[in-house]
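Trainee: Kindly generate the corresponding structure for this input.
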Amino acid sequence: MAISIRFLPDDVTVEAQAGESFLTVAARAGIRIPTGCLMGSCHACEVEVEGLGEICTCISAVPSGQSSLTVNLYSDPSW
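Mentor: Got it, this is the predicted structure:
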């Protein structure tokens with residue numbers, strides 16, 4: 001079952017599958033999320049997912065049991 005992922009503030013929506021990396025989904029949608037270590041410890045790729053809280057997209061997967069999710073991207077000019 002496809003899950004609709006909406007990325008703010010760009011207001012871009014893309015379909016994803018449960019278990020797919022948030023970072024991969026964002027790239028497919030044309031959204032660039034800054035990365036650093038790619039292991040979740042530097043938090044460069046941190047975003048806020050409504051209903052789930054803050055996550056590191058490089059190590060977090062789209063959860064099952066959802067029909068849609070909204071991802072709020074942070075803006076950090078140093079990355």
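
Trainee: Please enumerate the helices of this structure.
Mentor: Here the chain has its helices, by DSSP state H, at 22-28.

Trainee: Nearest residue to the middle of it?
Mentor: residue 22 (3.9 Å; C-alpha atoms, centre = their mean).

Trainee: check contacts around residue 28.
Mentor: By C-beta atoms under 8 Å, 6 or more residues apart in numbering, the contact set of residue 28 is residue 14. Where C-beta positions appear, they are placed from N, C-alpha and C, glycine not excepted.

Trainee: again, only this time at 10 Å
Mentor: If a contact means C-beta atoms under 10 Å, 6 or more residues apart in numbering, then residue 28 has 5, 14-16, 20 as its contacts.

Trainee: next one: residue 21
Mentor: 27, 57-62.

Trainee: ok, how many other residues are close to residue 74?
Mentor: Residues lying near residue 74 (other C-beta atoms under 10 Å) number 14.

Trainee: quick one: residue 6 from residue 40, how far?
Mentor: With distances taken as C-beta to C-beta, to the nearest Å, residue 6 is found 23 Å from residue 40.

Trainee: Now do the strands in the chain.
Mentor: Remark: strands assigned in the chain by DSSP state E are 2-8, 12-17, 46-49, 53-56, 68-73.

Trainee: which outside residues touch the third one?
Mentor: Contacts to strand 46-49, defined as C-beta under 10 Å, 6+ apart, come from residues 5, 7-8, 22-23, 26, 31, 33-34, 40, 54-58, 60, 62-63, 66, 69-74, 76.

Trainee: Buried ones among the residues you listed?
Mentor: Buried members of the contacts of strand 46-49, scored by 16 or more other C-beta atoms under 10 Å, are 5, 7, 22-23, 26, 31, 33, 40, 55-58, 60, 62, 66, 69-71, 73.
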